[in-house]
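K.L.:
My questions are about this predicted structure, shown below with the sequence.
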Amino acid sequence: MRRVQISQNKFIERDKKMEIESYRRDGYLVTISFDETAESPRRWDRFGTILHLRSRYNLGDEVATREQIEEIVNDENNICLPVYAYIHGGIIIKTKPFSCPWDSGQCGIIFCTKEQCEKEGLTEDKAKSLLASEISEFSQYLMGNVYRFSIKKIIKCDSCGHERFETQESCGGYYDMDYLKEEIKAWFECVKNETH
């Protein structure tokens, strides 16, 4: 079981095998696993602000009342998207409603100001796309879908055949499995180029 922190004092259990994939390549052992130590992307990568209604779960950046949320939505200087949560054995959030009326509903909004968009050179459509991608990324974090990899050199004893492993590279915090695999591929290309 993996404990995922959803608020300052609350954790939910994740029944996930930590290792996703392990394989040997060119004298190395590559392991891809879930990143148990990943920080919330809301701590280091945010353009918008997620306001959420008070609940037992941490579903955003700040807790707000319905009135505060309505005030921000009605302000013409803001660009807003609704945020919906589905909570049933885990937490998923997105900017479109879920089909299940019992375990889901709108939990808040994500917004930015038009002034922020001007500073960043973003159109309103680009800003909405960025806000939606922030919700998608945060949802991955809430579900525990953040990845890491390690690459270990395999050292085999000539006399007994025992193998030991020396870590050559290890990195985490990946929200995109395809990108993580490209990083591994690039590492092997770099090693290949260094040995030639």
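P.N.:
On my side now, so go ahead. Because the structure is predicted, anything quoted here is derived from the model rather than measured.
K.L.:
contacts, neighbours, all on C-alpha from now
P.N.:
OK.
K.L.:
mind listing the strands in the chain by residue range?
P.N.:
2-5, 11-14, 19-25, 28-34, 49-52, 62-63, 78-87, 91-94, 104-113, 147-156, 163-174 (DSSP state E).
K.L.:
okay, these in CSV with mean pLDDT, mean neighbour count and distance to Ile69 next?
P.N.:
Output for these, formatted as CSV (pLDDT from 0 to 100; neighbours: other C-alpha atoms under 10 Å; distance: least, C-alpha to C-alpha, whole Å):
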stretch, mean pLDDT, mean neighbour count, distance to Ile69
strand 2-5, 49, 16, 25
strand 11-14, 47, 14, 27
strand 19-25, 92, 12, 40
strand 28-34, 95, 19, 34
strand 49-52, 96, 23, 7
strand 62-63, 94, 15, 10
strand 78-87, 96, 20, 10
strand 91-94, 93, 22, 17
strand 104-113, 95, 21, 7
strand 147-156, 95, 19, 33
strand 163-174, 94, 14, 31
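K.L.:
Can you give me the domain boundaries for this structure?
P.N.:
2-38+147-195, 41-143 (automatic domain parsing).
K.L.:
chain center to the last one: distance?
P.N.:
Here domain 41-143 is found 15 Å from its chain centre; the criterion is C-alpha atoms, centre = their mean, to the nearest Å.
K.L.:
and if you look at the shortest one?
P.N.:
A distance of 17 Å separates the centroid of the chain from that of domain 2-38+147-195, by C-alpha atoms, centre = their mean.
K.L.:
Tell me who's in contact with the nearest residue to Arg46 once chain neighbours are set aside.
P.N.:
The spatially closest residue to Arg46, leaving aside those adjacent along the chain, is Glu134, at 7.1 Å (C-alpha to C-alpha, 6 or more residues apart in numbering). Neighbouring residues of Glu134 by C-alpha atoms under 8 Å, 6 or more residues apart in numbering: 46-48.
K.L.:
Have a look at the residues you listed and tell me the least confident one.
P.N.:
Lowest-confidence member of the contacts of Glu134: Arg46, scoring 90 (pLDDT).
K.L.:
got the phi/psi numbers for that one?
P.N.:
phi -150, psi 140 (degrees, to the nearest 10).
K.L.:
is it true that Glu19 touches Glu36?
P.N.:
No. With contact defined as C-alpha atoms under 8 Å, Glu19 does not reach Glu36; the gap is 10.8 Å.
K.L.:
Distance-wise, check the residue positioned nearest the centre of the chain relative to Gly60.
P.N.:
In the chain, the residue lying closest to the centroid (C-alpha atoms, centre = their mean) is Tyr141, at 3.8 Å. Tyr141 sits 12 Å away from Gly60, going by C-alpha to C-alpha, to the nearest Å.
K.L.:
same question, Thr31
P.N.:
Going from Thr31 to Gly60 by C-alpha to C-alpha gives 32 Å.
K.L.:
now swap in Leu122 and tell me
P.N.:
Taking C-alpha to C-alpha, one finds Leu122 at 23 Å from Gly60.
K.L.:
list the contacts for Val30?
P.N.:
22-24, 149-152.
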